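Chemist: Structure of the sequence below:
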Amino acid sequence: MHSVPVSRSETVRQIPSKTLSLARRASCMLAVVVLSMGAGAAFANPSDLDIRFNSTGYMMDNYNPDNSSSRQNAPFLPIINADGSFVVFGQTSNGATATAFLQSFSANGVAQQPVLINDARPTIAAYSASDKIMLARSSVSVAGVNVPGYLKRLNRDGTLDSSFGNNGTVADPDMLLLGSEITLGEDAQGRIMVTSFSKGLMRFLANGALDASFGANGIAPLPADRAQFETFLAQAVATDGGYYVLTGGSGGDANSLLRYTSSGALDTAFGTGGRLKLLSNSVTNTIAAMPDGGVLALEGCKQGTSTCRLNHFSKTGSSVAMSARIRELPQGVTGQARLTRGALIQRLSDGRILMSADWVGTLSAPPWLATGQLFGMFNADLTPVTEFDGDNGLRVHNPGFEFNTTMPNRAALNVNADGSILYVAEATNSSFNPRVAAMRLKGGLTSTAPTPVPYVPTPDWPKPFSGVTPAANLAINVNTIGELVLETMSISSCVIIQSNGVQGSLEGIERFDIGFKILDMDQGIIQVVKTRPFNESGSLTASGALPDCSGIYEATTNRYTDFIQLGTQTFTVVFEVIDEPQLRLALRSAVETPTR
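Modeler: Residues are numbered from 1 along each chain as shown. Below you'll find the model as predicted:
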């Protein structure tokens, strides 16, 4: 950068020199943060791949003990731990023999040797709040011969849970589990919820016995208007104790939501007679319970995306909130063809909605189609969290392999304790065989606040974080702003780095304490003299909240804006970098901040 002569506006000339001094100091603080990054610094989004994970942000396991060209490792149930490590229950086969396996992975995606489980080959698996693995295998009838399925429950080490059923197994002699597509879950009381093609929704007690208090001897009634080939694709436990079931027709189209009461009757207050029809162009395998007793569903995404959206339905079936059209076009992609069945929707502890779906886009030349994994983040009202990607709250990643999450429970999506976002699911390798795969995003939008620790003052940093509490009548939306102290000719504040309005970071740090000294009061020149990560101690303001960061440095314009308090006045200031090597900035404007 070249030095730029200072040219102050009439507005600047009219403010006191003390105000100029404050504005200059705030500007310097911003310069310290940005200039220390260097010209080549990257601006990170929470939706970026986290390269701390396997050095790329994604991984695919290649467990193949006999080097079989037909080795298939199909994950049935990924379980993500709070620290980002994960365990996968699945089935491995070399084309001749198949067996279940339990495999652990570190938080960096490093696989351990799997544990083989010879007596468990289920249709579906689910995780229990009691830290157990629940299994269900469909019952089948071949040429008039019935082959009963089962329910099983395993401990986390893969051994059978002897407290469940008959030494860990509940047989199905009555063929309740008949049908290739079944779902499996658990309600808040630890009761096991199962759907099958032949019977619909069933409830079992924690010991494996049918719950006679639910429906008719444990089985809820099927809808009277059920279509001939209507299957049950997903389930969710409502927050008021009821149950939602997602159904689909032939080909897996998600057509309807059913709602049952806690006693197993169709809830006739929901939709029409307990059924709510979704858009005909819907395809998904997941739904999510909402705090109001309603349910969240993805609809209209099977062919084209003109109607692709998230829809929050109340417990009567009315639409509470609806997202904008879900459509993301990475560079070089001409259109979005569809989202496939393997979508995941998760409501986070802060009320936001995180989703992931297998994405297919269109190209203008062969091979005509592109595949990837779509991630999206939404506020509770289903408006996009634009900070997630700096745009529309959506992001597509292509790791070089294709995720294939068409069956319920076979994928997991989680925000780890450090705020990173982990997705674990089945993917296909170059030989079109299933494998365990994972992808991790940087995240950070939903990480929990740090636990405060005692702050030890130093001569350079006497306070745990820079800035002061603004006057309550100011028309601003931050709880901490910069401060100009005339006695020391210094400005202290906090700064956020942005590029084209998108928040960035330096070595993973997004906010910085910054200190300026005033070099020339008349010309409004300030210089950055110190920086550090903002509020590392996790200290709180006097009102008990985490402090905000009021300063913003925009890298594309080399300008720093902030609110700076000088005595009883507060000014909105803009500084511009004029000498990068010396970290100097010049005041461009300063106006008194309006009141409410």
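Chemist: ok, which stretches of the stretch 251-400 of the chain are strands?
Modeler: Taking DSSP state E, counting those that start in this stretch, the strands of the stretch 251-400 of the chain run over residues 254-260, 275-277, 287-289, 295-299, 309-313, 319-322, 335-339, 344-347, 353-362, 369-378, 394-397.
Chemist: hmm, who's touching the first one?
Modeler: Taking contacts as C-beta atoms under 8 Å, 6 or more residues apart in numbering, the residues outside strand 254-260 that touch it are 201, 220, 223, 227, 230, 233, 238, 242-249, 266-267, 270-271, 274-278, 280, 282-285, 287, 295, 297, 299, 313, 315, 317. (C-beta placed from N, C-alpha, C; glycine too.)
Chemist: so what's the closest residue to Thr593 other than its chain neighbours up against?
Modeler: Spatial nearest neighbour of Thr593, chain neighbours left out: Thr570 (4.4 Å); criterion: C-beta to C-beta, 6 or more residues apart in numbering. Residues near Thr570 by C-beta under 8 Å, 6+ apart: Pro470, Ala471, Leu474, Ile481, Phe563, Ile564, Glu592, Thr593.
Chemist: which of those residues tops the neighbour count?
Modeler: When neighbours are counted by other C-beta atoms under 10 Å, Ile564 leads those with 31 neighbours.
Chemist: right, and that residue touches Leu484 too?
Modeler: Yes: using C-beta atoms under 8 Å, Ile564 is in contact with Leu484, at 5.5 Å.
Chemist: Is Leu394 bridged to anything, and to what?
Modeler: Legend: beta-bridge partners of Leu394 under DSSP bridges are Gly376.
Chemist: quick one: contacts for it?
Modeler: Ile326, Arg327, Glu328, Leu374, Phe375, Gly376, Pro384, Phe388 are the contacts of Leu394 under C-beta under 8 Å, 6+ apart.
Chemist: can you rerun that using 7 Å?
Modeler: Ile326, Glu328, Leu374, Gly376 (C-beta atoms under 7 Å, 6 or more residues apart in numbering).
Chemist: Equivalent analysis for Pro148, please.
Modeler: With C-beta under 7 Å, 6+ apart, Pro148 has these contacts: Ser139, Ala171, Asp172, Pro173, Met175.
Chemist: So what does it look like in phi/psi?
Modeler: phi -60, psi 140 (degrees, to the nearest 10).
Chemist: Equivalent analysis for Gly90, please.
Modeler: Taking degrees, to the nearest 10 as the convention, Gly90 sits at phi -160, psi -160.
Chemist: tell me the secondary structure for the nearest residue to Asp548 once chain neighbours are set aside?
Modeler: Leaving aside its sequence neighbours, Asp548 sits nearest to Val478 (C-beta to C-beta, 6+ apart; 3.9 Å). Using DSSP: H, G, I helix; E, B strand; the rest coil, the structure places Val478 in coil.
Chemist: again with Ala82
Modeler: Applying three-state DSSP: Ala82 is coil.
Chemist: Helices along this structure, start to end?
Modeler: Counting by DSSP state H, the chain has helices at residues 10-13, 17-35.
Chemist: can you tell me which of those helices the model trusts least?
Modeler: The stretch with the lowest mean pLDDT among those is helix 10-13, at a mean of 30.
Chemist: Which among the contacts of strand 254-260 count as buried?
Modeler: 201, 220, 223, 230, 233, 238, 242-248, 266-267, 270-271, 274-276, 278, 282-285, 287, 295, 297, 299, 313, 315, 317 (16 or more other C-beta atoms under 10 Å).
Chemist: residues contacting the residue nearest to the spatial centre of the chain?
Modeler: Centrality entry for the chain: nearest residue to the mean C-alpha point is Leu354, 3.9 Å, by C-alpha atoms, centre = their mean. With contact set as C-beta under 7 Å, 6+ apart, Leu354 has these partners: Gln346, Leu348, Met377, Leu413, Val415, Ile421.
Chemist: Could you point out the bridge partners of it in the sheet?
Modeler: With DSSP bridges as the rule, Leu354 is bridged to Gln346, Met377.
Chemist: How confident was the prediction at it?
Modeler: 95.
Chemist: got it, and Arg511?
Modeler: For Arg511, pLDDT reads 83.
Chemist: Over to the one 4 residues further on?
Modeler: In this prediction, Gly515 carries a pLDDT score of 94.
Chemist: Would you agree it is in contact with Met489?
Modeler: No: contact criterion C-beta atoms under 7 Å: Gly515 and Met489 do not qualify, at 11.3 Å.
Chemist: Could you check which of the two has the larger neighbour count?
Modeler: Gly515 (22 against 16).
Chemist: who touches the more buried one in this structure?
Modeler: Here Gly515 is in contact with Met29, Ser490, Ser492, Val529, Lys530 (C-beta under 7 Å, 6+ apart).
Chemist: Tell me how far it lies from Pro459.
Modeler: Plainly put, Gly515 is 12 Å away from Pro459 if you go by C-beta to C-beta, to the nearest Å.
Chemist: re earlier: what bridges to the residue nearest to Thr593?
Modeler: Residues in beta-bridge contact with Thr570 (DSSP bridges): Gln565.
Chemist: Please shift the residue numbers so they start at 759 in all later answers.
Modeler: Got it, first residue is 759 now, which makes that one Thr1328.
Chemist: quick one: the residue nearest to the centre of the chain from Gly1177, how far?
Modeler: 12 Å.
Chemist: can you check Thr1299 too?
Modeler: Counting by C-beta to C-beta, the gap from Thr1299 to Gly1177 is 22 Å.
Chemist: And Asn913, by the same measure?
Modeler: 31 Å.
Chemist: again with Gly948
Modeler: 30 Å.
Chemist: Now do the same for Leu1152: its pLDDT.
Modeler: So Leu1152 comes in at 95 (pLDDT).
Chemist: how much space is there between it and Pro1339?
Modeler: Distance from Leu1152 to Pro1339, by C-beta to C-beta: 40 Å.
Chemist: burial count for Gly1109?
Modeler: Counted with other C-beta under 10 Å, Gly1109 comes out at 13.
Chemist: Nearest residue to it in space, please, no chain neighbours.
Modeler: Gly1109's closest residue in space is Ala1138 (C-beta to C-beta, 6+ apart), at 4.1 Å.
Chemist: re earlier: between Gly948 and Gly1177, which has more neighbouring residues?
Modeler: Gly1177 (16 against 13).
Chemist: doesn't Gly1201 make contact with that one?
Modeler: Yes: using C-beta under 7 Å, Gly1177 is in contact with Gly1201, at 4.5 Å.
Chemist: what about the stretch 1009-1158 of the chain, any weak spots by pLDDT?
Modeler: 1009-1012, 1041, 1062-1063, 1099-1100 (pLDDT under 70).
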